[in-house]
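Novice: predicted structure and sequence below. I'll ask about it afterward.
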Amino acid sequence: MQHTFKYFLTFLLALFFFCSAALAQSTKSPNIILIITDDQGYGDLGFTGNPHVQTPVLDAMARESVRLNQFYVSPVCAPTRSSLMTGRYSLRTGMRDTYNGGAIMATEEITLAEMLKDAGYRTGIFGKWHLGDNYPFRPSDQGFDESVIHLAGGMGQPGDFTTFFQGDRSYFDPVLWNNNEQKSYGGYCSDIFTDEAIQFIETQKEQPFFCYLSFNAPHTPLQVPDEYYERYRDIDPALGLDNSGIPFAEMSEKDKEDARKVYAMVSNIDDNVGKLMKRLEELQIDDNTVVIFMTDNGPQQRRYNAGMRGLKGTVFRGGVRVPFFMKLPGGSPGGLDIDQTLAHIDVLPTLAEICRAKVPTDRVIDGRSFWPLVQGKSVDDLDNRSLFFYWTRKYPERYTNIALQKGDYKLVGNTGFDAGPSDFDLYDMTADEFELTNIVKDKPQVAKSLKKELDELLLELSQSPNLLKDQRIVIGSPEENPVFLNRNDAGGERGVWTQEDIFGLWKVAIEAGTYTVRFKFINPLSAQGTMTLETNGSIWQRKTSVPVEDMIVWENVQLPASESDLIPYFTGEGKRVFPLWVSLERID
């Protein structure tokens, strides 16, 4: 019996390597579908041990796929997406946050879409972009031929002003942006994004394509069709979570209700992935299509996460370890487990090798291709390379929520800027997968070595040219007119979100011209006051003689050419009110 199992296992591995080798030797470039979900943690799948969530399609896909069992991302979404698109640490790309003007990726970056487009691919994105909503940072400016997206970091957020005012219905019947134009859609957002992706695939099926299906679910606000919520309404998501003995599974009643909604949203995603996979078969292109499924960070709310410590936003494994499945054409019964430590930065060089595309050589690419591992080969020094994690608002803070993982060890900093190695936490990731035992006193030399490397890398990344220079939205270009400046890309005070009495600004490059300027506010301006617009060297003001609603419009505003901080505000009754959005339309 033992020999029979051994021969069967050998047969499966041989079959898998045969499939990967056949793909590598094929003369036809494979289609690529990259599916990513938002705030779905490692534990939000049946395949990863969740006793509650129903994900039969994704579970089946996992069983037939290359499974990267130690796959890591950034602690929050926008940095993950920039690394995924470029193969580079997010700070190199100019990305430092999820909003406050820090979620704009430098237009000089070469994206996965641009790389594949140069290799003859048609490219499309459907869902969440979160790397800049204005020219020259939009998907269409960064290599995508087709785009159906929401703005900012999430639907219903103030940055996504076309859905913001829909409140608890922002995921239903939304106004989205189709190739940079507003368009109304009917239905639930995840269904819409999937249907649009399928339509793109149908039109591109005769040539190689790259489809980036980037679900905004299960990100907050937690909205889902009733039929899916009904599946989970009566479950207790806290049951069955204490089998690991890890004291991170306590759930409040709000946590439980949030989990029910998240699981419902994930089941909807599962059904949509099933619809997509079925259509590939019907179009008879599944035998030349690579399908990847992954998520962008750990869960935002407390629920089952395979016992791992930490949630979204933290550098502990619970915040940065996510599922990654890559289904090769035809799949393979039993799939293939790869246990080397891999990350989001590795996806671009891997797809470049699969698709015979050229990786940029004029910049640092932090990632490594893991395609040789799929083919049963080794990758030099992959087990001993370092992975860097951090997240704080604005810029990296020494040494808050920061980590370096190398080999068996992980150094974690949650201390002051002048801390020494002994002030950090050190974990043996092989012996202590849940990061419970700080061994820094037992391994001082390891901590010292890792901190030295962390300091060197942090210095290098924090001096990245794209991080140090302002990413400026272009005003007055024919590429985008009018321009809508939203709250997600606004800088100023760190609390720029839905606050009104707050200082905010946008970094812009204005082309000289005559403009119509519109200022949209969250609430009506009931008091008389003064509307002010400041740029470098110029101030425009106009008093209102009667109470106004939530919109102020200025006609025939002459704006000179400048690279400026564009600062709008309304003053009245002792308040300085920042607009929800500002539009500038060049009319000359």
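Specialist: On my side now, so go ahead.

Novice: and Gln182, that's in a strand?
Specialist: Yes - assessed with DSSP: H, G, I helix; E, B strand; the rest coil, Gln182 lies in a strand.

Novice: can you tell me the average pLDDT over stretch 562-579?
Specialist: Averaged across stretch 562-579, pLDDT comes to 95.

Novice: how about the top helix by length along the chain: buried residues?
Specialist: Of all the segments of type helix in the chain, defined by DSSP state H, the longest one is helix 253-282. Neighbour-count burial for helix 253-282, counted by 16 or more other Cβ atoms under 10 Å, picks out 255-274, 276-277, 279-280. Where C-beta positions appear, they are placed from N, C-alpha and C, glycine not excepted.

Novice: report the buried residues of stretch 470-487.
Specialist: For stretch 470-487, by 16+ other Cβ under 10 Å, it's 471-477, 480-487.

Novice: now do the helices in the stretch 451-588 of the chain.
Specialist: 465-468 (DSSP state H, counting those that start in this stretch).

Novice: again but with the chain, I slipped
Specialist: 2-25, 56-63, 77-86, 112-118, 161-164, 189-204, 226-229, 253-282, 317-320, 347-355, 371-374, 444-462, 465-468.

Novice: in PDB, list the C-alpha atoms belonging to stretch 436-450.
Specialist: Only the C-alpha atoms of stretch 436-450 are listed here, as PDB (Å, rounded to 0.1, in the frame of the first residue of the first chain):
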ATOM      1  CA  LEU A 436       4.100  34.200  20.400                       C
ATOM      2  CA  THR A 437       7.600  33.900  21.900                       C
ATOM      3  CA  ASN A 438      10.100  36.800  21.700                       C
ATOM      4  CA  ILE A 439      13.600  35.300  21.600                       C
ATOM      5  CA  VAL A 440      15.600  38.500  21.100                       C
ATOM      6  CA  LYS A 441      17.400  37.900  24.400                       C
ATOM      7  CA  ASP A 442      18.400  34.400  23.300                       C
ATOM      8  CA  LYS A 443      19.600  35.500  19.800                       C
ATOM      9  CA  PRO A 444      21.100  38.900  20.200                       C
ATOM     10  CA  GLN A 445      23.400  38.500  17.200                       C
ATOM     11  CA  VAL A 446      20.600  37.500  14.900                       C
ATOM     12  CA  ALA A 447      18.600  40.600  16.100                       C
ATOM     13  CA  LYS A 448      21.600  42.800  15.500                       C
ATOM     14  CA  SER A 449      22.300  41.500  12.000                       C
ATOM     15  CA  LEU A 450      18.600  41.800  11.000                       C
END
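
Novice: ok, back up a step: out of the helices of the chain, which is closest to Asp145?
Specialist: With Cβ to Cβ as the criterion, Asp145 lies closest to helix 112-118 of the helices of the chain, at 7.4 Å.

Novice: show me what the closest one is packed up against.
Specialist: Packed against helix 112-118, as judged by 3 or more Cβ pairs under 8 Å, 6 or more residues apart in numbering; DSSP states H and E, are the following elements: helix 77-86, strand 122-128, strand 209-214, helix 347-355.

Novice: and of the ones you listed, who's closest to Gly491?
Specialist: Gly491 sits nearest to helix 77-86 of all these, at 14.6 Å, using Cβ to Cβ.

Novice: pick the one among the buried residues of stretch 470-487 closest to Asp286.
Specialist: Using Cβ to Cβ, Glu480 comes nearest to Asp286 of those, at 37.6 Å.

Novice: quick one: the closest one and Val266, what's the gap?
Specialist: 35 Å (Cβ to Cβ, to the nearest Å).

Novice: residues contacting stretch 466-473, please?
Specialist: Residues from elsewhere that reach stretch 466-473, judged by Cβ atoms under 8 Å, 6 or more residues apart in numbering: 91-94, 96, 101, 104-109, 132, 134-135, 137, 461, 483, 485, 489, 506-509, 563.
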